[in-house]
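A.B. asks: Just to be clear, the model below is a prediction. Sequence and coordinates:
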Amino acid sequence: MRRLVGEGIRRARPGELETPRGTGVNLGVHYDPEAFGRFSEAIARYFGTARFLAIQTVIVIAWIVLNSIAVVHHWDPYPFILLNLLFSTQAAYAAPLILLAQNRQDDRDRENIERDRVVAARTQADTEFLARELASVRLSLGGLQPSSQHEADGTHCRAINEGDRTARVQRFDLTRPTRRVPRRSVP
């Protein structure tokens, strides 16, 4: 691309047109968004305390009393316009700071929810794996007949052989590896 400079023609340098100029006007003001966010959270936290409300109430009562008494010079007479202006200024600064603090809290909540979702998915996968492993252990033990009343605590009844009508109670500990017992063939 060519550009006219006075009467001369200048060619664009390679890569000059592919790179954007800048993100905006630089006014020389730089701040750390994280530090400002922490500051806004501290202000919002203080605005929500009983201490702040008590101090503000005392100041407002003193303001009204001092401006109502005839002995003291009235710097803000009855409609209390200056006091109203101070409240408006406080609200104009407090509202954005509180919103910024709420947005930061929402971001933290979203991160916590995502972390909880990942943990829940991992826990569900582990539970399903353990259920499959338990089913495979039951299948590998063969002729094991679970007793409905003892199934919850891991106690199962197993007949020793076809001719024997007595049952042996066998308890399985799932924390230790099980020893595989070869199955007897029935003649």
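C.D. replies: Noted; the coordinates are in hand. The model shown is predicted, which means the values in this text are computed figures rather than measured ones.

A.B. asks: mind listing the strands for this protein?
C.D. replies: 2-5, 8-11, 155-159, 167-171 (DSSP state E).

A.B. asks: quick one, what contacts residue 60?
C.D. replies: residue 83 (C-beta atoms under 8 Å, 6 or more residues apart in numbering). The way it works is simple: take the backbone N, C-alpha and C, and place the C-beta from them, glycine included.

A.B. asks: ok, residue 93 to residue 85 distance?
C.D. replies: 13 Å (C-beta to C-beta, to the nearest Å).

A.B. asks: actually residue 133, not the one I typed
C.D. replies: 72 Å.

A.B. asks: Mind giving me the packing neighbours of the longest helix along the chain?
C.D. replies: Ranked by number of residues, the top helix in the chain under DSSP state H is helix 81-140. Packed against helix 81-140 by the contact rule (3 or more C-beta pairs under 8 Å, 6 or more residues apart in numbering; DSSP states H and E) you find helix 33-47, helix 50-68.

A.B. asks: out of those, nearest to residue 103?
C.D. replies: helix 33-47 (8.6 Å; C-beta to C-beta).

A.B. asks: Identify the residues contacting that closest one?
C.D. replies: 52, 94, 97-98, 100-102, 104-105.

A.B. asks: Would you list the buried entries among those?
C.D. replies: 97-98, 100-101, 104 (16 or more other C-beta atoms under 10 Å).

A.B. asks: Single out the most deeply packed of the helices and strands packed on helix 81-140.
C.D. replies: helix 33-47 (a mean of 14; mean count of other C-beta atoms under 10 Å).

A.B. asks: what is the orientation angle of it with helix 50-68?
C.D. replies: Angle between the axes of helix 33-47 and helix 50-68 is 70 degrees (criterion: axes from the mean of the first three to the mean of the last three C-alpha atoms, to 10 degrees).

A.B. asks: Next, the angle helix 81-140 makes with helix 33-47.
C.D. replies: 110 degrees.

A.B. asks: now the helices and strands packed on helix 81-140 in TSV, with mean pLDDT and distance to residue 109?
C.D. replies: Formatted as TSV, the helices and strands packed on helix 81-140 follow (pLDDT from 0 to 100; distance: least, C-beta to C-beta, whole Å):
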stretch	mean pLDDT	distance to residue 109
helix 33-47	91	14
helix 50-68	93	25
